[in-house]
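J.: Below are the sequence and a predicted model; questions follow.
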Amino acid sequence: MARSPRRAGAPRLQLPLLCLLLQGATAILFAVFVRYNHETDAALWHWGNHSNLDNEFYFRYPSFQDVHVMVFVGFGFLMAFLQRYGFSSVGFTFLLAAFALQWSTLIQGFFHSLHGGYIHVSVNSMINADFCAGAVLISFGAILGKTGPAQLLLMTVLEVALFGINEFVLLNLLQVKDAGGSMTIHTFGAYFGLVLSRVLYRPQLEKSKHRQCSVYHSDLFAMIGTIFLWIFWPSFNSAPTTLGDGQHRTALNTYYSLSASTLGTFAMSALVGERGRLDMVHIQNAALAGGVVVGTAGEMMLTPFGALAAGFLAGTVSTLGYKFFTPILEAKFKVQDTCGVHNLHGIPGVLGALLGVLVVGLATHEAYGEGLGSVFPLIAKGQRTAMSQAMYQLFGLFVTLMFASVGGALGGLLLKLPCLGSPADCQCYEDQVYWEVPGEHEDAAQGPLKAEEPDTQA
Amino acid sequence: MARSPRRAGAPRLQLPLLCLLLQGATAILFAVFVRYNHETDAALWHWGNHSNLDNEFYFRYPSFQDVHVMVFVGFGFLMAFLQRYGFSSVGFTFLLAAFALQWSTLIQGFFHSLHGGYIHVSVNSMINADFCAGAVLISFGAILGKTGPAQLLLMTVLEVALFGINEFVLLNLLQVKDAGGSMTIHTFGAYFGLVLSRVLYRPQLEKSKHRQCSVYHSDLFAMIGTIFLWIFWPSFNSAPTTLGDGQHRTALNTYYSLSASTLGTFAMSALVGERGRLDMVHIQNAALAGGVVVGTAGEMMLTPFGALAAGFLAGTVSTLGYKFFTPILEAKFKVQDTCGVHNLHGIPGVLGALLGVLVVGLATHEAYGEGLGSVFPLIAKGQRTAMSQAMYQLFGLFVTLMFASVGGALGGLLLKLPCLGSPADCQCYEDQVYWEVPGEHEDAAQGPLKAEEPDTQA
Amino acid sequence: MARSPRRAGAPRLQLPLLCLLLQGATAILFAVFVRYNHETDAALWHWGNHSNLDNEFYFRYPSFQDVHVMVFVGFGFLMAFLQRYGFSSVGFTFLLAAFALQWSTLIQGFFHSLHGGYIHVSVNSMINADFCAGAVLISFGAILGKTGPAQLLLMTVLEVALFGINEFVLLNLLQVKDAGGSMTIHTFGAYFGLVLSRVLYRPQLEKSKHRQCSVYHSDLFAMIGTIFLWIFWPSFNSAPTTLGDGQHRTALNTYYSLSASTLGTFAMSALVGERGRLDMVHIQNAALAGGVVVGTAGEMMLTPFGALAAGFLAGTVSTLGYKFFTPILEAKFKVQDTCGVHNLHGIPGVLGALLGVLVVGLATHEAYGEGLGSVFPLIAKGQRTAMSQAMYQLFGLFVTLMFASVGGALGGLLLKLPCLGSPADCQCYEDQVYWEVPGEHEDAAQGPLKAEEPDTQA
């Protein structure tokens, strides 16, 4: 076959050795630190006199599975819109997320669930680990097509650690509310990736520009990702909230917000499109902004109207971002944002954090009744006023932006290490650099006669 | 690019303005009327001394998510079988369903859950709204490829309203049983769409005939829709039934019915196929008829054998409908039914309603025991005999057919408004009328050498 | 159209008649033997004074739905990697599984849940029937592309019966633990299919070799199958385990095992690939071996580290199997294993059984506490020592290998019956033998001008 471009500079043993090293290190740390929690351990669970009904598995596992679909199918296929990068989009998503969930089990465990020197795991740690993998995949979206798998694994090592620290600062030290992760996941993941992409800026990237767009079928594959993300986002935002009304309300708010962001996206896409035509990039991405924007406020008494309004705003702003801001981001700020994560996760994440500030600030005993204690324990106990909690929320956003920016800059420097071997400018967005790629056309397309000639090869 | 056909007559601002208008109106109505119910509201839920276990969220939300997958992935991809209409099939499904679920929350709320002037929402309203969206998408299937998004949104406005009225008449006034919607969803959606398609009859549609068939890959995308619909149909039929044995039995009956309709479909497809070959159209559609046919009777004591027999009948009849009746429907009745909804939803829906009449008529105290009160409260209370309940069921079918026909006719007149700008006869089944469509072939398919020439554009 | 190859020898009525015969026989047996169980029957459920919460539906149905997705979407699309066999892969999966689940409801019912002469069905029988369908689809993977649907249905008749007997011997007579089916599903299904493939060995199969590989898009369709299998495997292994900690622990172990097998697969694939490139065949398949290998031990106190180690081993061995052993299997052992089920289900299944032997042998009262009775009732009651239970487990593996081999040989002889009409050697891996296949290219790809010529046909 004559169609193989030269490999990038990375030595061929780099990816295997890095995988083995990371898996080995993770396994050793698991052996030393990770233990079943009291709901997963046979002895501990049966020691207490529990009803099986009480096992949190039954309250959280269906939501976990929905989140799991979003991380692996949703993100993976959403990024498969590129015409020659589908294997990498789906495959590297698979690799990064599979590693991130082990590594973040350790990192989040150290910060959140260390009991007697051991990390206790359960369905809750699975949900949190998948959330962290989601943040990594958001960052991946910003640099999609311009980095190799070894680079991406190193980025994951760094980003998961910083994600864990940032999350610890927000949720434990500042006691900020952010169940669906407008700040911890979306804002953090987006700006980490964008700053990283800035550091890796390629002035000659137009050499690969012809591969940076979609083809008809790749857009349909991407819609698989979009739709599964859209469908299961109510489970994403509600997976870690308080049981009972908390999960119920969060799912409902997210459902309304997403439906409004979809209408906002179609409206704006047709409005700004050439001759009123819709643009698949907008539909695939901006319609999801409604899920991002209620990541903080979704568990609160946002009201159904509030959810619609927030979602509509997010879908509208996100679509306009794809149309007008992405080109500026590249031209003026030298940030090449392959998937437009700034429009889907960055701006809607910040808006979601601000919406959280607003809704927290408006929280009253009347609106939440006895439920105030489960949504805002510090306010219910009188340790904070609604306004001071709102200020903590706002501060949480700044902390997140700071961690993400510094982390992204560090990540960029790390990924520039020459030994890691980035793809050349003319080899970006091209699966053949990393994958054995079969031909495009089916033999039999020319009819069975030709197909039966024994010397025809795909 | 030389490949853009002239836009249809619709002014380019029509779709954006309609989206904004509908979203604005919905949001205002939500602000005025929609409130969290007692299981979703922080104050109301914590006011009672509830166990989280009792929150209906945990009984219904997994089923809701399955229904949600069916509406957005199932219907969307099932209609993506057309070679040049995948963007519209998946995209307009997305748009219509996102609007329908808001609008039907309002309409169904006015009729079913108005408490003190407010519509109370919860996981139940989410399920019901998705059901209504399903009916709209069935109607969409009948006119797929021949209408623009603005027309479809107006159809949705009308159809959701009539769906809500019809459902109110059946479930509340006539007290008919129809959990899985053989009548309210499938029969209503199908005949609404078919009558509407009759009104929009295009004698010159053969101008687009070359685009009305599938290609190899589009049939595989459609199978994604088929399989997800098939898998989750047990959740669809059981989502709104009584808790406990009701949901359990409905899921089981639907599972058996679908498996038998699949065997019936393969048998008939090979029997009537040229040289014994199977036809993807049959497999994609008729295999699902088993879910439709037990939409009414699935929650009843249908028996596992009854479910198999009903499913087999539905799969067989549906396949024969695709083969023999669809051409007659166009030639004699001037109904152009793009997706064959008459065979998948129309006839099986009517059969399902009649099966319901039969199974209701056979209901006895012995068969249902103390469970009679939860399946047939009026019979249990002695207010109706099984036979009179069966007659009400039959009357419900006629009411549904009437509402659907009159509604479809009204809808057709509405959609013929010249200002709405239908696609021309030679532009049907063509994404380019409404979407920016990328090229078909991947640059790199000709090998990397060509791909690296900077002037090659997709 | 000039592109239709001659049909294979099978008479055109064979498939329809076989479907009708099998469906008819199944329906009659259902009428005679199958009844709702006490949780599904209206009278029985309401006779006891149950809380709806106690209905097992709510504990098992979400897991069942995940398993259902794996069987129909997972297996179906995973096998759609072949360039010209996507219709058959997805379609025959659909047909075989729809029949297998009815037939195995009967077979498993006779062996496991016959009460007073009746088979009692519920969500548990649905899960078990889907498991059996999974084993059939594993065997299908070994002979994919080389057999027609009538042959496959007959294979299903035989395999389901033997699966039921083997399962009965293991779970009831030997009282072996195998919740996720490392032995009963994976080992059995794989070796049944491999021996069958050996009997059907085709020395002239290279005549179809040009169709035995993938194209770019078919590999992406296959990834849909892979990812859904990977995501939902924790539900597969945990679906039938004891409630409470049992399901919780099994899901967690499987989640870790899969993530490690993914890293192992990427490492090995890049290590053995030409110029360090990754191979989609490995990623699509070997990454799943982590689910297979904890099928037996997943419900036990494997520890999170144990799960990682087992998964890593399985992913590594499976990848090396695809690279080095599959060619030997064909060249030396005359086994043509289309999907490499030996590497994905055979070897990992045997490893999983051996892991089970090890973990059972190490079971102590200290590790399981009061939970010992729910995981190993015979050890808890003192009827077996851990070591003797481990020996029973080992014996179960041998029994399974024997049943699978003898069954596969019988199946091969059955499928060689000349009246069944296999596809010719030059027609293997070709949908057109069994399906009406549309053209490959979209008309409009050449632009709308050409598309509007009325005589252009797809």
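T.: Done, it's in.
J.: Quick check: which element contains A:Phe77?
T.: helix A:75-78 (DSSP states H and E).
J.: does chain B sit close to that helix?
T.: No. Judged by CB under 8 Å from any CB of the partner chain, helix A:75-78 and chain B are separated, with a smallest distance of 11.0 Å. All C-beta atoms are positioned from the backbone trio N, CA, C, and that covers glycine.
J.: And the next helix or strand past that helix?
T.: Next along from helix A:75-78, by DSSP H and E: helix A:86-112.
J.: next structured bit after that following helix?
T.: Going down the chain from helix A:86-112, the next helix or strand is strand A:114-115, by DSSP H and E.
J.: The next helix or strand after that following strand - contacts with which helices or strands?
T.: Downstream of strand A:114-115, the first helix or strand assigned by DSSP H and E is strand A:118-121. Strand A:118-121 is packed against strand A:34-36, helix A:86-112, with contacts defined by 3 or more CB pairs under 8 Å, 6 or more residues apart in numbering or on different chains; DSSP states H and E.
J.: Let's see that with 10 Å instead.
T.: Judged by 3 or more CB pairs under 10 Å, 6 or more residues apart in numbering or on different chains; DSSP states H and E, strand A:118-121 is in contact with helix A:14-33, strand A:34-36, helix A:86-112, helix A:123-143, helix C:245-272.
J.: Report the buried residues of it.
T.: For strand A:118-121, a neighbour-count test (16 or more other CB atoms under 10 Å in any protein chain shown) marks A:119-121 as buried.
J.: likewise stretch A:364-372?
T.: For stretch A:364-372, the neighbour count (16+ other CB under 10 Å) marks A:367-372 as buried.
J.: got a markdown table for those, with secondary structure and distance to C:Ser405 too?
T.: What follows is these, written out as a markdown table (DSSP: H, G, I helix; E, B strand; the rest coil; distance: CB to CB, whole Å):
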| residue | secondary structure | distance to C:Ser405 |
| --- | --- | --- |
| A:Ala367 | helix | 68 |
| A:Tyr368 | helix | 65 |
| A:Gly369 | helix | 67 |
| A:Glu370 | helix | 65 |
| A:Gly371 | helix | 62 |
| A:Leu372 | helix | 66 |
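J.: returning to that earlier point: let me have the buried residues of strand A:118-121 in JSON lines, extended by pLDDT and distance to C:Gly361.
T.: Shown next, in JSON lines, are those (pLDDT from 0 to 100; distance: CB to CB, whole Å):
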{"residue": "A:Ile119", "pLDDT": "97", "distance to C:Gly361": "27"}
{"residue": "A:His120", "pLDDT": "96", "distance to C:Gly361": "27"}
{"residue": "A:Val121", "pLDDT": "96", "distance to C:Gly361": "25"}
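J.: Looking at these, spot the one nearest chain C.
T.: A:Val121 (6.1 Å; CB to the nearest CB).
J.: Is the closest one in contact with C:Pro304, as I believe?
T.: Yes. When contacts are counted by CB atoms under 10 Å, A:Val121 is listed as touching C:Pro304 (6.1 Å).
J.: Mind listing the shared neighbours of those two?
T.: By CB atoms under 10 Å, 6 or more residues apart in numbering or on different chains, A:Val121 and C:Pro304 have these common neighbours: A:30, A:33-36, A:40, A:105, C:249, C:252, C:255-256.
J.: any idea which of those residues is closest to A:Ala267?
T.: Nearest to A:Ala267 among the shared contacts of A:Val121 and C:Pro304, counting by CB to CB, is C:Tyr255 at 40.7 Å.
J.: and the residue nearest to that closest one when sequence neighbours are not counted, how far is that from C:His365?
T.: Nearest residue to C:Tyr255, sequence neighbours excluded (CB to CB, 6 or more residues apart in numbering or on different chains): C:Pro234, at 4.9 Å. With distances taken as CB to CB, to the nearest Å, C:Pro234 is found 27 Å from C:His365.
J.: Likewise for A:Leu397?
T.: 52 Å.
J.: Please apply the same query to A:Lys177.
T.: 44 Å.
J.: Am I right that A:Lys146 sits in a strand?
T.: No. Per DSSP: H, G, I helix; E, B strand; the rest coil, A:Lys146 lies outside any strand segment and is coil.
J.: Assess the claim that it and A:Asp425 are in contact.
T.: Yes. A:Lys146 is within contact range of A:Asp425, at 8.9 Å (criterion: CB under 10 Å).
J.: so what sits against both of the two?
T.: In contact with both A:Lys146 and A:Asp425: A:202, A:205, A:208, using CB under 10 Å, 6+ apart.
J.: Ends of stretch A:42-61, what's the gap?
T.: 18 Å (CA to CA, to the nearest Å).
J.: Can you give me the buried ones in it?
T.: Neighbour-count burial for stretch A:42-61, counted by 16+ other CB under 10 Å, picks out A:42-46, A:52-55, A:57-61.
J.: What about those, which are in helices?
T.: A:42-46, A:57-61 (DSSP state H).
J.: quick revisit: who does the helix holding A:Phe77 touch, helix- and strand-wise?
T.: helix A:86-112, helix A:123-143, helix A:216-238, helix A:280-285, helix C:216-238.
J.: what mean pLDDT would you report for the third one?
T.: In other words, helix A:216-238. Averaging pLDDT along helix A:216-238 gives 96.
J.: That helix to helix B:216-238, inter-axis angle?
T.: Calculated by axes from the mean of the first three to the mean of the last three CA atoms, to 10 degrees, helix A:216-238 forms an angle of 30 degrees with helix B:216-238.
J.: Could you check how far helix A:216-238 is from the centre of its chain?
T.: 12 Å (CA atoms, centre = their mean, to the nearest Å).
J.: measure the residue lying closest to A:His186 once chain neighbours are set aside to chain C for me?
T.: Leaving out its chain neighbours, the residue that sits closest to A:His186 by CB to CB, 6+ apart is A:Gly349, at 3.3 Å. The gap separating A:Gly349 from chain C is 25 Å, by CB to the nearest CB, to the nearest Å.
J.: And for A:Gly24?
T.: 9 Å.
J.: just A:Ser214 next, same as before
T.: Computed with CB to the nearest CB, the distance linking A:Ser214 and chain C is 13 Å.
J.: now A:Met402
T.: 31 Å.
J.: Quick check: that residue touching A:Tyr191?
T.: Yes. The criterion here is CB under 10 Å, and A:Met402 meets it with A:Tyr191 at 9.4 Å.
J.: With neighbour numbers in mind, choose between those two.
T.: Applying other CB atoms under 10 Å in any protein chain shown to A:Met402 and A:Tyr191 shows that A:Tyr191 carries more neighbours, namely 27 against 13.
J.: Many thanks, have a good one.
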